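S.K.: No letters, just coordinates:
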């Protein structure tokens with residue numbers, strides 16, 4: 001009987017160790033349903049502000065400077081997926097990428113301090129009416145996801161101001177690339 005309990009404890013111990021090792025190896029692919037604005041409202045209220053949801057989103061995006069990255073080959077356009085571009089990657093070499101979640105739905109507010117060009121990579125399954133007045137590029141990308149393939153590229157020049165753009169959708173958010181000729185950013 002005592003050997004039986006020892007054997008059970010042995011199996012339990014190694015099961016826990018193996019589970020920890022598997023989770024450690026797979027953790028970067030796990031996405032948790034986190035609310036990224038938690039705490040932002042409390043901080044503002046404690047300082048006497050009465051924030052709206054748009055204020056919270058604006059602060060949320062301003063606090064995510066690490067999500068604006070210089071693009072390099074193999075970098076995923078989304079913060080929560082491991083998809084990547086498979087075509088004309090060299091066309092993106094001087095651009096910066098704003099990584100948002102793939103199924104992000106809220107508007108995005110960008111405060112730009114110089115003239116910039118914003119590039120969006122579109123999926124035909126999305127509602128792309130917002131981009132009717134944007135200029136179409138003469139090359140395509142190929143970002144293959146489970147529900148959407150982003151291929152067509154449009155761009156628009158914006159002057160110094162706060163820019164409101166949609167995330168894209170309804171199927172998937174559209175990747176956002178930025179070019180700033182004055183600062184190289």
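M.R.: Cool, the structure landed. All of these numbers come straight from a predicted model, not from anything done at the bench.
S.K.: Report the rounded mean pLDDT for whichever helix in the chain runs longest.
M.R.: For the chain, the longest helix by residue count, based on DSSP state H, is helix 2-26. Per-residue pLDDT values across helix 2-26 average out to 80.
S.K.: Just name the shakiest helix or strand of the protein by mean pLDDT.
M.R.: helix 53-62 (a mean of 50; mean pLDDT, DSSP states H and E).
S.K.: Show me what the helix or strand following it is packed against.
M.R.: Of the helices and strands lying after helix 53-62 in sequence (DSSP states H and E), the nearest is strand 68-70. Applying 3 or more CB pairs under 8 Å, 6 or more residues apart in numbering; DSSP states H and E, one finds that strand 68-70 contacts strand 96-98. Every residue, glycine included, has its C-beta placed from N, CA and C.
S.K.: and the strand it packs on, which strands flank it?
M.R.: strand 68-70 (antiparallel), strand 176-179 (antiparallel) (DSSP bridges).
S.K.: of all those, which gets the most neighbours per residue?
M.R.: Mean neighbour count (mean count of other CB atoms under 10 Å) peaks for strand 176-179 among the strands paired with strand 96-98, with a mean of 20.
S.K.: The spatially most central residue of the chain and residue 145: what is the separation?
M.R.: In the chain, the residue lying closest to the centroid (CA atoms, centre = their mean) is residue 100, at 1.9 Å. As judged by CB to CB, to the nearest Å, residue 100 and residue 145 stand 14 Å apart.
S.K.: Equivalent analysis for residue 78, please.
M.R.: 8 Å.
S.K.: Name the nearest residue to the residue nearest to the centre of the chain, ignoring sequence neighbours.
M.R.: Using CB to CB, 6 or more residues apart in numbering and skipping residues adjacent in sequence, the residue nearest residue 100 is residue 173, 5.7 Å away.
S.K.: what do you get for residue 120?
M.R.: residue 174 (4.8 Å).
S.K.: wait, what's in contact with the one you found?
M.R.: Under the criterion of CB atoms under 8 Å, 6 or more residues apart in numbering, the contact list for residue 174 reads 120-123, 126, 150, 167-168.
S.K.: swap in residue 89?
M.R.: residue 73.
S.K.: Show me what counts as buried in the helix or strand containing residue 122.
M.R.: Residue 122 belongs to strand 116-123 when assigned by DSSP H and E. For strand 116-123, the neighbour count (16 or more other CB atoms under 10 Å) marks 116, 118-123 as buried.
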